[in-house]
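Student: Let's see this in three dimensions:
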Amino acid sequence: MVDTLYGTVLETTWHKAQQIKLLVCDIDGVFSDGRIYLGNDGEELKAFHTKDGYGIKALAESGVDIAVITGRQSNIVQNRMSALNVKHIIQGEENKLPTLKRLMEKCQLSPAQVAYIGDDMPDFACMQHVGFSIAVNDAHPAVLNIADFTTTIRGGFGAVRETCDLIMLSQNTLQQASGASI
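Tutor: Numbering: from 1, shown residues only. Alright, predicted model coming up:
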């Protein structure tokens, strides 16, 4: 067992985190709490946590690329992920696995070098394809059953930050994190 800021993790989990060069994230239920707010005029709203934003920026600065793959299409997601300088923003992909495979090929990465964080069945195949699969604390039970690691924090409330911190701790780069939460 290895002690982390959020508790202990298995040594196998620690070793998997050390290999990561690309973190791929779902949006709804991972970056957000999964709820979608709709206004009377059809306006869609989502809430994002600044802790997750800081984690993403710090992880990218440490040399790990970031991608999001989501089944929905949203200007909100585009704006938020662009503000965080996410390198790969892929929206409107209901079948995420072919997209993930193309991204891995484009980045010339093996499954062992890729982590995926998800919360529900659309993430299942992607989580099985990568070397390090992460489920948020409140993920669907089937997703929890296949995850290499489950966050202590729920989706939308800092689970992405916890994941980023784990990867940076394992790669000995967390102490270099700087900047402001956004």
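
Student: Sketch out the low-pLDDT regions of the chain for me.
Tutor: Counting by pLDDT under 70, the chain contains low-confidence ranges at 179-182.

Student: Let me see the ranges of the helices in it.
Tutor: Assigned by DSSP state H, the helices in the chain fall at 11-18, 50-61, 75-83, 96-107, 124-129, 141-146, 159-170.

Student: need these in CSV with mean neighbour count and distance to Glu44, can you?
Tutor: (Each C-beta comes from the backbone N, C-alpha and C, glycine too.) Supplementary listing: those in CSV, determined by neighbours: other Cβ atoms under 10 Å; distance: least, Cβ to Cβ, whole Å:
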stretch, mean neighbour count, distance to Glu44
helix 11-18, 17, 34
helix 50-61, 21, 19
helix 75-83, 16, 7
helix 96-107, 16, 20
helix 124-129, 18, 24
helix 141-146, 14, 24
helix 159-170, 25, 20
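
Student: could these go into a markdown table alongside distance to Tyr37?
Tutor: Converted to a markdown table, the helices of the chain look like this (distance: least, Cβ to Cβ, whole Å):
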| stretch | distance to Tyr37 |
| --- | --- |
| helix 11-18 | 34 |
| helix 50-61 | 18 |
| helix 75-83 | 10 |
| helix 96-107 | 24 |
| helix 124-129 | 26 |
| helix 141-146 | 24 |
| helix 159-170 | 20 |
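
Student: and of those helices, who's closest to Cys25?
Tutor: Cys25 lies closest, by Cβ to Cβ, to one member of those: helix 159-170, at 6.2 Å.
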